[in-house]
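Asks: I'd like to go over a predicted model; first the sequence, then the structure.
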Amino acid sequence: MKKEMIAMLLAGGQGSRLGVLTEKVAKPAVAFGGKYRIIDFPLSNCINSGVDTVGVLTQYQPLRLNTHIGIGIPWDLDRNVGGVTVLSPYEKSGGAEWYAGTADAIYQNMAYMEQYNPDYVLILSGDHIYKMDYEVMLDYHKANKADLTIACMPVPMEEASRFGVMITDGNGRVTDFEEKPAHPRSNLANMGIYIFSWPVLKEAFEEMKGTANLDFGFHILPYLRDGGKRLYAYEFNGYWKDVGTLGSYWEANMELIDIIPEFNLYEEFWKIYTKCDVIRPQYVGPSAVIDRSLISEGCNIEGEVHNSVIGVNVTVEPGAVVRDSIIMGDTVIGKNCRIDKAIIAENVKVGENVIMGESPEAENVLKPKVYAFGLVTIGENSVIPPNVRIGKNTAIKAVTKPEDYPNGELPAGGALVGKDGE
Amino acid sequence: MSMRALGIVLAGGNNNKMRELSNKRAIAAMPVAGSYRSIDFALSNMTNSRIQKVAVLTQYNARSLNEHLSSSKWWDFGRKQGGLYLFTPTVTASNSWWYRGTADAIYQNLDWLKRSHEPYVVIASGDGVYKLDYNKVLEYHIAKRADITVVCTETFDDVTRFGCVKMNEDGRIEEFEEKPMVASTNTISTGIYVIRRRQLIELIERSAQEERFDFVKDILIRYKNLKRVYGYRMGSYWSNISTVESYYQTNMDFLKQEVRDYFFMQGPAVMSKVDDLPPAKYNPGSDVRNSLVSSGCIINGTVENSVLFKDVYVGNNCVIKNSIILNNVYLGDNTHIENCIVESRDTIRANSYYCGEDKIKIVVEENERYPH
């Protein structure tokens, strides 16, 4: 049962800044790049790095995530020993607790980790888009005889104050760190990827248990620093994206359609795996026009698609023009629609002649910070009636009817979000 | 029908009518409809008919087929009950022959049939593209108290490459001519049979004793007056891909809406090995019309009335018309391909021109993709 390194993947977060996209779905289960979901990237990194034992910690809206992960077949994580295990919060004899912080979630699953008697524990988050060989990071950890290695990315100095930054000596050893400092002393941003030597992590948990909202950044790291442990920063210079807002989510998708994208899904040697039930090819109709787009399996494209990322089994009917948009699986775009800069989630029915995203901008009435960037955002299973116009910075998650659109319009900044998103 | 029938898929064959395409693989491993292999249809029909235990008999150039079947989980055969069995000829203490025919192939694996306990056997071939609930054939077989039931269909294709069948009003087969010079009917055998397991064992053993090796010639035709051989008429789409012309036509059929709806949209689904390729990527300059495009493709040129299989790269200013581009082909810039089938893993140099004139041209190029 011994495993040298096991991974613990934090996938319980809501990602509330993704608005209606995460109303019923945990952020790691949000679709990305057409056929993928965000959690596919860390899971694929694990198996590609030779880490075959992964605990996935879920809490917020886990249904989609559970269905997606299953027993781990798509990532070859269906193993006789190890493999993927979904770890949800559970009731103990003393009472029931939710996961109250990143470190608390891991601590509540000590028994899972103990089973494998690991030498190292890799802590990951299910929120990021990147390819990383954790084995190389582990080699670095071993070479430094580190107690904790923190993956860090150099960011432009002017952006460093948005992150937790690591201050290192000349040899990569972390001497200090700061959380979102006003005047950063370093540009090495903490990526939330940690390798702990198991005894060190265990000892820290023993000491720190009982701390409210036990968190790696706020509690465990300071404890280890103050205890004189060997903390090292592992510099990562590849592509890494936190798709935390609708704007950054949209941008990261759009970057995939560059001629040679910085984040390349077409490389043979570091495949990204996903659960995809649709095998059939896409059909491109006689009147279709497609350029600069990603289009997934099973789509039926009869209209025009420009600069867009299209998920599995999407229909774009004749005459419809989709531009600068993200359309997720099973959605239907009706005849003669004009869709501009929209994010449309799974299984949405858009009626004929709908016009989206052609208006001046206005601040969103519901969540001005969330529904911004000039985007139209439509949550899963929504229905848009024919012949309506939908302005920018809008959000819809409901089965809407023509009467929901006075004068046939949802003006810029408007929102039609049903109670509890239904 | 779980546990009521075993499946046998005859996937050993090849013929010269596939021209150069047969050099690489058995027909059952031919890619079909963008994302599938020919054998997926028989295997999916088996699993969708809840047949849990299936043997695939292979012989000719089975590497590609074995690779495709390396895991049985895609068809739900990775189970404790049943499973997928791959039988290639092996030398044993009592036998050192290759499979000398379809009946011999079954004979050489007779122990598997004998050790099983399912009462019936469904035999299918790996080169048919169709959907069929074998339970319906089995029910017919039982209702007719048949010894062997042959699934038949009408065809307007070249009838003389099939077994031609004449039935009486009850459905009993009275005439069966294998690949006749002149056909007097366009009812043909699809090569799908239902038979009682003990009956099959008996017939196969007797043929082996008589040094007869072909299931059609030495069992079906030879016994048709002695045994109750019935025809089950199948009305839905069926195509056999074992000539270049029919292979091309079958793929092109998938450009028709009704064929796509039947195979892709209506259940049950056809299953295949999952390849984990990224979505198809359309770059500026791409112009795709009336075509099927599979995952992993990168398109920079014009594609019309064609089927692109997985992982095809179409360079700038390419023009692909009425063609089939098999898996993992690289088409250099300014290439023109018309009325062709381009063999898988080919690398076509920039500025190439291929056009099938009176018949479909098969393009086999083995250029270095990444010259040193």
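Replies: On my side now, so go ahead.
Asks: List the residues that contact residue 87.
Replies: Answering for chain A, as no chain was given. Going by CB atoms under 8 Å, 6 or more residues apart in numbering or on different chains, A:L87 touches A:G55, A:V56, A:L57, A:T58, A:N109, A:Y112. Every residue, glycine included, has its C-beta placed from N, CA and C.
Asks: Chain B is the one I meant
Replies: Here B:F87 is in contact with B:A55, B:V56, B:L57, B:T58, B:A105, B:Q108, B:N109, B:W112 (CB under 8 Å, 6+ apart).
Asks: Once you drop chain neighbours, what's closest to the fifth one?
Replies: Read that as B:A105. B:Y99 (3.9 Å; CB to CB, 6 or more residues apart in numbering or on different chains).
Asks: which residues touch the one you found?
Replies: Counting by CB under 8 Å, 6+ apart, B:Y99 has contacts B:G12, B:L57, B:Q59, B:P89, B:A105, B:Q108.
Asks: Name the SS class of it, please.
Replies: Here B:Y99 is recorded as coil under DSSP: H, G, I helix; E, B strand; the rest coil.
Asks: other SSEs contacting the strand ranked longest in chain B?
Replies: Among the segments of chain B that qualify as a strand by DSSP state E, the longest is strand B:187-196. Strand B:187-196 makes packing contacts with strand B:120-125, strand B:128-130, helix B:134-143, strand B:148-154, strand B:163-167, strand B:229-233, strand B:238-240 when contacts are defined by 3 or more CB pairs under 8 Å, 6 or more residues apart in numbering or on different chains; DSSP states H and E.
Asks: Output these in a markdown table; the columns should cover mean pLDDT, mean neighbour count and distance to A:V174.
Replies: A markdown table is the format used below for the helices and strands packed on strand B:187-196 (pLDDT from 0 to 100; neighbours: other CB atoms under 10 Å in any protein chain shown; distance: least, CB to CB, whole Å):
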| stretch | mean pLDDT | mean neighbour count | distance to A:V174 |
| --- | --- | --- | --- |
| strand B:120-125 | 98 | 25 | 64 |
| strand B:128-130 | 98 | 24 | 61 |
| helix B:134-143 | 97 | 18 | 65 |
| strand B:148-154 | 97 | 24 | 71 |
| strand B:163-167 | 95 | 21 | 77 |
| strand B:229-233 | 98 | 23 | 74 |
| strand B:238-240 | 96 | 22 | 66 |
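Asks: I'd like to know how far the residue nearest to B:A105 sits from chain A.
Replies: B:Y99 sits 31 Å away from chain A, going by CB to the nearest CB, to the nearest Å.
Asks: Likewise for B:T92?
Replies: B:T92 is 32 Å from chain A, by CB to the nearest CB.
Asks: so what's that residue scoring on pLDDT?
Replies: At B:T92, the model reports a pLDDT of 84.
Asks: same check, this time on A:E422
Replies: On the pLDDT scale, A:E422 is placed at 42.
Asks: For A:I327, give me its contacts.
Replies: Applying CB under 8 Å, 6+ apart, the residues near A:I327 are A:S308, A:V309, A:I310, A:G311, A:V314, A:V316, A:I333, A:I339, A:A342, A:I344.
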